[in-house]
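Novice: got a structure for you, letters missing:
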């Protein structure tokens, strides 16, 4: 009897199918979920139709779509037959999409209706586009769709995921079935997932964070995933939370940070008396606990795991989550590691840490500083990518001959093995006196200042300059009673804030990290899909 390798996507699925065939699998919010047995029929039909469109094992197939059950069906159909999925971020520009399709050699692309216009730069004679909403066609003869069998092994390529990071250049990360399946299974050791869990998906499935942990992990566990279908605006998200009552959610720091600043901090600092009370630790903790009860109700009342990844969580916000007893968790990883490398669940948090290494992953600090213990984080495990597609030189730069992945992140371990991220090596600023400055640490101080929404610290002519996006709407509300004179008062207040901010920051950082200039930004910074600022655009 043939033994199917464990660390492949079809192997994980069929193990779940045998145990949970009648359990719900995927659904749009407000719709009936299809069961795993029904999902199996969809995948079989999908494979049949891919074969009918001349797709063979090893062929690359793009997916450009908002989150929906058909996204999952397309991804499974492609990978289960041994073809290679090429997920594209909905925010990609048409020229980027065309470049990626060409670079990957994709033969066809699934696209959702609202994103079809982004395929304008593609040659229809070379790349076939298929509306994802109508995939698969279940009226096709099931006897045909059930007759295909494609053996898939762990080393087979499952996906090429193109990064859109803070450095600008997209690279195609080659992830095998073993990479993704191993990472999904071991992610379940950080937090146990059961068939009774309900995921609410709010991040793009084309990002490996949501793809592995928000799609493959629940599939391997027999859980159900619900999709919004649109970006998670408050008007769409709040009713969905009450309808789904999710137990598991994945997010990026900016989302929970916005909730804290707009719904919690704003309420506790709206009057002078409240501001005084809020500064007293005993009362602050009590207020946070009350806010946490309300926040958990807002999220549906059943949430037991709110995973935060993609960037560092702000210290003040994390303190609130701890004092509010909100079930937050933190994970650290890269697209190149499919993605998880370390993490903690709500029961073993540690302030500002990214947790301990995931089971089956080895992390080490390469060439640590003798005094601080800081150095570049290197990782090894079955989730480390095969390499960058058609980029052997770049692959050699990041993967050592003996299999270590150079993450490019600076970190340090504490005595208990918890990892702390200091910043990106590429972001580090070396001053004229040889001092190493981590801009992320200064930005954390800036972002803690009242009326600051986000910031970026850069070096200009040997000086540290902070680009700051202030909450102008909030300032305008303070002067709205002045009617025609509002703009003058807002401008004056902004000038005051710049001076106050500079004094605030410089009193809280070492002398080498002091900011010489504050430059207000007229609009939000441009960001990656995980809402990290695209630094290369500003440096």
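Specialist: Received, thanks. Bear in mind that the values here come from a model prediction, so they are computed numbers and not experimental data.

Novice: Following element in sequence after the helix or strand of the chain with the lowest mean pLDDT, please.
Specialist: Lowest on mean pLDDT, DSSP states H and E among the helices and strands of the chain sits helix 142-145, with a mean of 50. For helix 142-145, the following helix or strand on the C-terminal side (DSSP states H and E) is strand 157-162.

Novice: ranges for the helices of the stretch 401-539 of the chain?
Specialist: 439-446, 472-478, 486-506 (DSSP state H, counting those that start in this stretch).

Novice: Tell me where the model's unsure across the chain.
Specialist: 1-5, 139-148, 164-169, 478-487 (pLDDT under 70).

Novice: Domain-wise, how is it divided?
Specialist: For the chain, automatic domain parsing gives the domain ranges 9-235, 252-424, 429-537.

Novice: mind listing what residue 427 touches?
Specialist: 166, 438, 439, 440, 535 (CB atoms under 8 Å, 6 or more residues apart in numbering). All C-beta atoms are positioned from the backbone trio N, CA, C, and that covers glycine.

Novice: make that residue 110, sorry
Specialist: Per CB under 8 Å, 6+ apart, neighbours of residue 110: 61, 62, 63, 64, 65, 70, 74, 129, 130, 131, 132, 135.

Novice: how many other residues sit next to the closest residue to it other than its chain neighbours?
Specialist: In this structure, residue 110 finds its nearest non-sequential neighbour in residue 132, 4.2 Å apart by CB to CB, 6 or more residues apart in numbering. Neighbours of residue 132 under the rule other CB atoms under 10 Å: 23.

Novice: likewise residue 499?
Specialist: By other CB under 10 Å, the residues close to residue 499 number 10.

Novice: Need the helices of the stretch 401-539 of the chain in TSV (columns: distance to residue 397).
Specialist: Listed next are those as TSV, based on distance: least, CB to CB, whole Å:
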stretch	distance to residue 397
helix 439-446	23
helix 472-478	42
helix 486-506	35
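
Novice: Could you single out the most deeply buried of those helices?
Specialist: helix 439-446 (a mean of 21; mean count of other CB atoms under 10 Å).

Novice: Give me the angle between it and helix 486-506.
Specialist: Inter-element angle recorded for helix 439-446 and helix 486-506: 120 degrees (by axes from the mean of the first three to the mean of the last three CA atoms, to 10 degrees).

Novice: Residue 409 against residue 426, yeah?
Specialist: No: Residue 409 sits out of contact with residue 426 when judged by CB atoms under 8 Å, with a separation of 9.8 Å.

Novice: circling back: tell me which of the domains of the chain approaches residue 241 most closely.
Specialist: domain 252-424 (4.6 Å; CB to CB).

Novice: just to revisit the earlier point, please convert the domains of the chain to CSV, extending it with distance to residue 246.
Specialist: Below are the domains of the chain laid out as CSV (distance: least, CB to CB, whole Å):
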stretch, distance to residue 246
domain 9-235, 4
domain 252-424, 6
domain 429-537, 20
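
Novice: so of the ones you listed, which one's packed in deepest?
Specialist: Comparing the domains of the chain by mean count of other CB under 10 Å gives domain 9-235 as most buried, with a mean of 19.

Novice: Now do the end-to-end distance for that domain.
Specialist: 35 Å (CA to CA, to the nearest Å).

Novice: and it, how far out from the chain's middle?
Specialist: Per CA atoms, centre = their mean, to the nearest Å, the displacement of domain 9-235 from the mean C-alpha position of its chain is 16 Å.

Novice: Show me where the stretch 201-350 of the chain has its helices.
Specialist: Under DSSP H, counting those that start in this stretch, the stretch 201-350 of the chain gives helices at 208, 217-221, 234-244, 253-259, 266-268, 272-278, 281-298, 315-323.

Novice: Throw those helices into CSV and include distance to residue 104, thanks.
Specialist: Shown next, in CSV, are the helices of the stretch 201-350 of the chain (distance: least, CB to CB, whole Å):
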stretch, distance to residue 104
helix 208, 16
helix 217-221, 24
helix 234-244, 32
helix 253-259, 29
helix 266-268, 45
helix 272-278, 52
helix 281-298, 41
helix 315-323, 38
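
Novice: Can you say which of these is nearest to residue 20?
Specialist: helix 217-221 (8.8 Å).

Novice: hang on, isn't residue 518 packed against residue 470?
Specialist: No: taking contacts as CB under 8 Å, residue 518 lies outside contact range of residue 470: 9.6 Å.

Novice: one step back: and the contacts of residue 427, which two are the farthest apart?
Specialist: The farthest-apart pair in the contacts of residue 427, when distances are taken by CB to CB, is 166 and 438, at 14.3 Å.

Novice: Tell me where the stretch 101-250 of the chain has strands.
Specialist: 108-111, 128-131, 157-162, 172-176, 198-201, 224-227, 248-251 (DSSP state E, counting those that start in this stretch).

Novice: what's the answer for the stretch 301-450 of the chain, then?
Specialist: Going by DSSP E, counting those that start in this stretch, the stretch 301-450 of the chain shows strands at 305-308, 328-333, 340-344, 356-357, 362-366, 375-380, 387-388, 405-413, 419-424, 429-430, 436-437.

Novice: by how many degrees do the third one and strand 419-424 diverge?
Specialist: Angle, strand 340-344 to strand 419-424, by the same axes, to 10 degrees: 130 degrees.
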